[in-house]
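Novice: sequence and predicted structure, then a few things I'm wondering about:
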Protein chains: 2
Amino acid sequence: MTDQSNSPRASRSGGRAARRAARAAPLADHLRPVRAGLEGGLYRPLSDAGVARIHEAALDALEQIGLADAPPSGVAYLKAAGCIEGDDGRIRFPRALVEDTIAKANRSVTLFSRDGKNDLELSGTRVHYGTAGAAVHVVDVHGRTYRDSTVQDLHDAARITDQLDNVHFLQRPMVCRDILDNMEMDLNTVYASCSGTLKHIGTSFTEPSHVPPALEMLHMIAGGEDKWRERPFMSNSNCFVVPPMKFATESCEVMELCIKGGMPVLLLSAGMAGATAPSTIAGAIVQAVAECLAGLVYVNAVKPGAPAIFGTWPFGLDLRTGAMSIGSGEQALLTAGCAQMHHFYDLPGGAAAGASDSKLPDMQAGWEQMCSNVMAGLSGCNMVYEAAGMHASLLGFCLESLILSDDMLGQALRCVRGIEVSEDTVAIDQIAEVCLSGTGHYLGTDATLSRMQQDFVYPTFGDRTSPKEWAELDKPDLIEKAIARKEQILSQASQAQFDPVLDQALRERFNIHLPR
Amino acid sequence: MTDQSNSPRASRSGGRAARRAARAAPLADHLRPVRAGLEGGLYRPLSDAGVARIHEAALDALEQIGLADAPPSGVAYLKAAGCIEGDDGRIRFPRALVEDTIAKANRSVTLFSRDGKNDLELSGTRVHYGTAGAAVHVVDVHGRTYRDSTVQDLHDAARITDQLDNVHFLQRPMVCRDILDNMEMDLNTVYASCSGTLKHIGTSFTEPSHVPPALEMLHMIAGGEDKWRERPFMSNSNCFVVPPMKFATESCEVMELCIKGGMPVLLLSAGMAGATAPSTIAGAIVQAVAECLAGLVYVNAVKPGAPAIFGTWPFGLDLRTGAMSIGSGEQALLTAGCAQMHHFYDLPGGAAAGASDSKLPDMQAGWEQMCSNVMAGLSGCNMVYEAAGMHASLLGFCLESLILSDDMLGQALRCVRGIEVSEDTVAIDQIAEVCLSGTGHYLGTDATLSRMQQDFVYPTFGDRTSPKEWAELDKPDLIEKAIARKEQILSQASQAQFDPVLDQALRERFNIHLPR
């Protein structure tokens, strides 16, 4: 590149006002350049032979090693389905049973929103991004401090998520540490999430006894059990295994109750590569796939075809310290490799990406979050969990970072959308016109103007000004812009707020911690 | 994920000192987890049909539209090769000529380093990252200001690049605005770069008359013309076209001289999608491919098999303002799509990625730089230009950002390296051992320890501490760490410094602006 003084930046600024005006009106939904459910899958980190080898190893692990610690109810379900209980108490899975289960399992899951505007159709390589996790801190970006997360923080995260185009669901990203009773915490998590967003919500119940009252609350919010079962707008994240290869007894019992209650389940296997899973990427994927296949057999033994998400979530580790590390390239590969296994099985799946090890929304956070987010999207991961706002290797959630992720995920989604090649887009007639008889310039042609909204993602917070314009604007700071947007969102009423009669009924039945 | 209080972070910190010690010694080169030339290509943004359609359209453009403004020497070369000069002065390229040229062109290029330690072998899907550009500003991160870039800044960038494992080459990232005479600027660019790094260097001569004295300088540095021609350690970036579809007359004359002087050339087509190239990603790639194929015919007409890099560098534009925008998802797709075309032709190629629109090394810069850098790597781009330190849509270069890019590019390279699937890595024996007869834990196993250095990239500046450790360390700031490293590098003597006799000779022959 030579000096840019002759670039269009300088010579073309005359048409700027017109172009700004053309962009002023908000786009109709079908014209938006990106949306939930775009199809990825063009990045395939594994060869076909690699996929087959991982699948074979997972079948071997299930047949030869099996899983320990199933609850009595689970042992009964699994044995009835054809599993074998060994003298060592481990449940082993014959290959034919696993293959039959894969063949008959649900190939798509719909995660409903409350208003029908943001239903997520999980199948094939359709990509959705959202929050998740169980952070115990919230990040105060001004004070550069970490404080305990509260039910109000969770509610605020829900309200912000509700307003972000490119964050497609809210899975509970942090725990309400101001609520000491576990049952109350779980119930208030449901209340604070549902009163903050109409998008699909994920939660995670800690004990089986919490499920019936939570379902009661959900029935009230839905307007009756039948309405809830018709469009369940909340799913449950089941850490149903304690890797390596052990069932998490209580979580399995929670899972059984959720399935019976009509709630989609996320079969979440969260091994840590090098600690609770092999340190190799391939080995960690093998174990996660084996564990999730065990979960799939379990779910289908409880209720054939029950909606389940294949949740291979292997996490990275910094082997120097033994501490979790989630922002690495190794993590991005773990997640992308898992997504490819989901496609091999043709099962709706999800994995974790987009979290950072950095404590603050700084440059490290930006590169770490984008790396795994864009690779998860390109690999066609149905549900990209932890995609927004997550810091400190999952220990801290940051509302300003959540807001900025709308830009980041919009960009990642643009990459997922990919390159359209057609007679129109290769533009040979346009090139001929511009070069042979025209202006020598494409700016302002009909072909260019007609595509400037549908083809391009424009950032809301990302700055594209020249250094001169930037100085004239007093050098706007990215984080300050996010803080301002956060305050604006939180100053407005939530569209998900319950009507007063329902709210009164909920508060009479449950101990709701959020103030009215 | 449930609460992490039982995570290995808490329970396993006892082994930390031992693991830190194991990692203390620097790794032998062949044991490093990432290196220059790793093979990418698993991300293929275009279908085979899309590639073929783009190729056909490029051939159509060359045959039917052709290129204007070739210099007289170029017209002579091209007509002798079989091109047709039209009545409109445009040179058109018969399909058979283009196809024959592709068939016989050089399939690999070696870009030499001065000391032989960092030679870059460009072929197939081997990936290399480096700087590039012509920024007119340098970023002062402390003062949040942009100032004119100088020859000292360029020299400092070279010295820093020399020390960064994951920045594989130095292409001149900024222009020496303190040198007003163009010839002196070009010659001092050579001096300041070569005295700062032994890695391969790219430059860009502005006028044909600058090439002979520059070659004279390079011969002196190499120790004679024969030594220079044996291992040319500098290549020239030729903006040989002014898109759309016009030759850049003077740059073509520069190119002819470089080819004759034994210097590898980068055939750089830098159209701006929506301004000097079609706004569609496919159309911008078609035009860039057509222009570079024209350049390839030109190079091979001057000297068959001369080393040339297929430099499709389409850039993005913000159509709302007409300003360049380089940090977008659209840009990442432009670059990845181009890399796939390079592989279709089996030609050594390069494109731009990793630059940011942000003015500072903030979170926006992080996500923008990683997005296109990792996608360029996964697509197997041989030369990823602008990969480090570039801000403000190519107008500003930042030394601290360059330093931090070593972490970012290390991570991107880890992603390029990908997932190894073998009997060893699927780890089924290890899983059986740990689950059935062992500790239930992989941390500390031989298999894990033996791989902790070769398989994992550890960041130098990126922070992986827990919030508690981070607070105890007084909350280290990413940018401050980069500043400290910059000052450390610049306080040490450059290993590329010329010996005093050579330096004296160079200073007697040329007006060198850098102080001794």
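Specialist: All right, it came through fine.
Novice: quick check: mean pLDDT across stretch A:425-435?
Specialist: In this model, stretch A:425-435 has a mean pLDDT of 96.
Novice: and for stretch A:325-345?
Specialist: 98.
Novice: before we move on, what about stretch A:484-500?
Specialist: 97.
Novice: which helix is the longest one in chain A?
Specialist: helix A:281-302 (DSSP state H).
Novice: residues of it that come out buried?
Specialist: A:281-302 (16 or more other CB atoms under 10 Å in any protein chain shown). (C-beta placed from N, C-alpha, C; glycine too.)
Novice: please go through these and note which also touch chain B.
Specialist: On the criterion CB under 8 Å from any CB of the partner chain, A:I281, A:A282, A:G283, A:I285, A:V286, A:Q287, A:A290 are the entries of the buried residues of helix A:281-302 that sit beside chain B.
Novice: any stretches of chain A with poor pLDDT?
Specialist: Across chain A, the ranges flagged by pLDDT under 70 are A:1-27.
Novice: take the ones next to chain B among the buried residues of helix A:281-302 and lay them out in TSV including distance to A:S123.
Specialist: Shown next, in TSV, are these (distance: CB to CB, whole Å):
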residue	distance to A:S123
A:I281	26
A:A282	26
A:G283	28
A:I285	21
A:V286	24
A:Q287	25
A:A290	23
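Novice: between those, which is nearest A:T206?
Specialist: Proximity of those to A:T206 (CB to CB) peaks at A:Q287, which lies at 24.3 Å.
Novice: the closest one and A:E469: what is the separation?
Specialist: 52 Å (CB to CB, to the nearest Å).
Novice: hmm, back to that, farthest-separated two in the ones next to chain B among the buried residues of helix A:281-302?
Specialist: A:I281 and A:A290 (15.1 Å).
Novice: can you pull the contacts of A:K260?
Specialist: Shown in contact with A:K260 (CB atoms under 8 Å, 6 or more residues apart in numbering or on different chains): A:V302, A:K303.
Novice: again, 10 Å this time
Specialist: A:V211, A:L215, A:V302, A:K303, A:A306 (CB atoms under 10 Å, 6 or more residues apart in numbering or on different chains).
Novice: for it, grab phi and psi.
Specialist: Torsion angles at A:K260 (phi, psi; degrees, to the nearest 10) stand at phi -70, psi -30.
Novice: got it, and A:L67?
Specialist: Dihedral pair for A:L67: phi -120, psi 140, per degrees, to the nearest 10.
Novice: beta partners of it?
Specialist: A:L67 has these beta-bridge partners by DSSP bridges: A:I91.
Novice: break down the stretch 101-250 of chain A into its helices, ranges please.
Specialist: With DSSP state H, counting those that start in this stretch, the ranges of helices along the stretch 101-250 of chain A come out as A:151-162, A:182-194, A:211-222, A:225-230, A:249-260.
Novice: which one of the ones you listed lies closest to A:I403?
Specialist: Nearest of those to A:I403, taken as CB to CB: helix A:151-162 at 6.2 Å.
Novice: got the angle between that closest one and helix A:182-194?
Specialist: Counting by axes from the mean of the first three to the mean of the last three CA atoms, to 10 degrees, helix A:151-162 lies at 30 degrees to helix A:182-194.
Novice: let me know whether helix A:151-162 sits next to chain B.
Specialist: No. Helix A:151-162 lies out of reach of chain B by CB under 10 Å from any CB of the partner chain, never closer than 14.3 Å.
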